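Enquirer: my questions concern the predicted model and sequence given below.
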Amino acid sequence: MKHPPEAIVFDFDYTLADSSKGVVECINFALSSLSLPTVSAQQACRTIGLSLPHTFERLTGKEETTLSDEFGRLFKVRADKIMVNSTVLLAPVPQTVKFLKQHGIKLGIVSTKFRRRIETILAREGLSGFFDVIVGGEDVIKHKPDPEGLNLALNRLRCSPADSLYVGDSLTDAETASRVGIPFVAVLSGTTGKEEFRGYNVTKFLENLGDLTKWVDFNR
């Protein structure tokens, strides 16, 4: 791109952080509590970034609302105890985030993870003041790929989709970006391979988030 964007909005899980250990434990805690078969770590990790109802449906094939609601409740009960401590930032994140802020880029996060968990993790890592807006799962009625969360973040940042980037790791993120009309950057730090993004307009593929600072032209 010829000029740096005014804002960059990130997904959280597998884009900025790895919460897979906690997610696997919470999913299987909820399934086991419901006397449903548990799943492999690989199966569980493929659902990271989905809403809890979609996670339940993907893993069980069931659309039964009462069971799905109870799955979500149980997941949250376990997550309250373990999720923050079992989530680690990906290695390139602190340096990348600080670099972007030093160059005047507005930063945001849009995730299905609860905002309070994200805020606690960022505070632990000394990054609380670097993000101008965080939209979590409790802040919207409809979760990604619905555009509500990303549109909310852009409105709060006072930036248009055309002057911004959305960075994520999954097809859910790609679909969200498509619905908003914002350029999408796919970081290959999750479980989604490059070839799986066929059919989506991906502005740039990054092997890891650190490559973002090498790609964006910061010479205004």
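Expert: Arrived safely. Numbers count the residues shown, from 1 in each chain.
Enquirer: helices of the protein, start to end?
Expert: Using DSSP state H, the helices of the chain run over residues 20-33, 41-45, 52-60, 65-82, 93-102, 115-124, 148-157, 171-180, 212-215.
Enquirer: please enumerate residues in contact with the fourth one?
Expert: Helix 65-82 has contacts (CB atoms under 8 Å, 6 or more residues apart in numbering) with 22, 25-27, 29-31, 33-34, 52-53, 55-57, 60, 62, 117. In this view, the C-beta of every residue, glycine as well, is placed from N, C-alpha and C.
Enquirer: before we move on, the earlier item: of the helices of the chain, which is nearest His3?
Expert: Proximity to His3, assessed across the helices of the chain by CB to CB, is greatest for helix 212-215 (12.7 Å).
Enquirer: if we can go back for a sec, list only those of the contacts of helix 65-82 flagged as buried.
Expert: Among the contacts of helix 65-82, those scoring as buried are 22, 25-27, 29-31, 34, 52, 55-57, 60, 117 (criterion: 16 or more other CB atoms under 10 Å).
Enquirer: so Pro37 versus Ile27, what's the distance?
Expert: Between Pro37 and Ile27 the distance, using CB to CB, to the nearest Å, works out to 11 Å.
Enquirer: please apply the same query to Ser33.
Expert: When distance is defined by CB to CB, Ser33 is 11 Å away from Ile27.
Enquirer: tell me the two of the buried ones among the contacts of helix 65-82 that are most distant?
Expert: The distance between the two most remote of the buried ones among the contacts of helix 65-82 (CB to CB) is 24.2 Å, for Thr60 and Arg117.
Enquirer: Glu125 against Leu90, yeah?
Expert: No. Judged on CB atoms under 8 Å, Glu125 makes no contact with Leu90 at a distance of 10.9 Å.
Enquirer: for the helix or strand bottoming out on mean pLDDT in the chain, give me every contacting residue.
Expert: Ranked by mean pLDDT, DSSP states H and E, the weakest helix or strand in the chain is helix 212-215, scoring a mean of 91. Taking contacts as CB under 8 Å, 6+ apart, the residues outside helix 212-215 that touch it are 1, 8, 96, 99-100, 167, 185, 187, 204, 206.
Enquirer: redo the helices of the chain as JSON lines? Include distance to Asp139.
Expert: Listed next are the helices of the chain as JSON lines, based on distance: least, CB to CB, whole Å:
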{"stretch": "helix 20-33", "distance to Asp139": "20"}
{"stretch": "helix 41-45", "distance to Asp139": "24"}
{"stretch": "helix 52-60", "distance to Asp139": "15"}
{"stretch": "helix 65-82", "distance to Asp139": "15"}
{"stretch": "helix 93-102", "distance to Asp139": "21"}
{"stretch": "helix 115-124", "distance to Asp139": "6"}
{"stretch": "helix 148-157", "distance to Asp139": "7"}
{"stretch": "helix 171-180", "distance to Asp139": "15"}
{"stretch": "helix 212-215", "distance to Asp139": "25"}
